[in-house]
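Peer 1: coordinates for the following, if possible.
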Amino acid sequence: MEMEIPTPPEDVARLRAAIEGANPPAALRLRVAGQIAVARKQRARRRRRRRSIGGLMAAAALAASVAVFVLPQSGRPPSVAQVVQVADAASRAPAPPLDRTDPRRLAAHVDDVWFPSWRALPWRAVGRSSETIAGRLAATVR
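Peer 2: This next block holds a predicted model:
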């Protein structure tokens, strides 16, 4: 793979001066303005989609963390404050790798609940921790 050679600054300055001095036909100006408007709308749509996907992923991560507490176990259920405290704590171990048998999940689970891999999106697990609260295992992957 070859590296792209950057355009010298004096060539960029000459090109900008030529563009500013050009007098394109009105039809061309309108067409370019329309293309710019479409590109801006597409960019805004992608930005909104990324935000909504991020919110969905955060909700899914929260649901996965809460699922650990919903599994039937003995003892009193943990309080919301206890769950938040564990979820907010710093990671104590490195992130788990991908599961070798299924790349859609991480090699970390609690009973039959597996932590998902979000590698299809630009998200990566960065750490994990586990703690016992009210006699229940609370596992977190960040």
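Peer 1: helix, strand, or coil at the spatially most central residue of the chain?
Peer 2: The residue lying closest to the centre of the chain (Cα atoms, centre = their mean) is W123, at 4.0 Å. Classification of W123 by DSSP: H, G, I helix; E, B strand; the rest coil places it in coil.
Peer 1: next: the one 3 residues further on.
Peer 2: Of the three states, V126 takes coil according to three-state DSSP.
Peer 1: re earlier: ok, the residue nearest to the centre of the chain to P116 distance?
Peer 2: Distance check for W123 against P116: by Cβ to Cβ, to the nearest Å, it reads 10 Å. All C-beta atoms are positioned from the backbone trio N, CA, C, and that covers glycine.
Peer 1: residues touching the residue nearest to the centre of the chain, list them.
Peer 2: M57 (Cβ atoms under 8 Å, 6 or more residues apart in numbering).
Peer 1: ramachandran coordinates for it?
Peer 2: Phi and psi for W123, reported as degrees, to the nearest 10, are phi -110, psi 140.
Peer 1: renumber starting at 55 from here on
Peer 2: Sure thing, new numbering starts at 55, so read that last one as W177.
Peer 1: for it, give its distance to E74.
Peer 2: Going from W177 to E74 by Cβ to Cβ gives 43 Å.
Peer 1: pLDDT value on R158, please?
Peer 2: Looking at R158, its pLDDT is 85.
Peer 1: for the closest residue to M111 other than its chain neighbours, grab the count of nearby residues.
Peer 2: Spatial nearest neighbour of M111, excluding adjacent residues (Cβ to Cβ, 6 or more residues apart in numbering): W172 at 6.0 Å. Look at W172: counted by other Cβ atoms under 10 Å, it has 16 neighbours.
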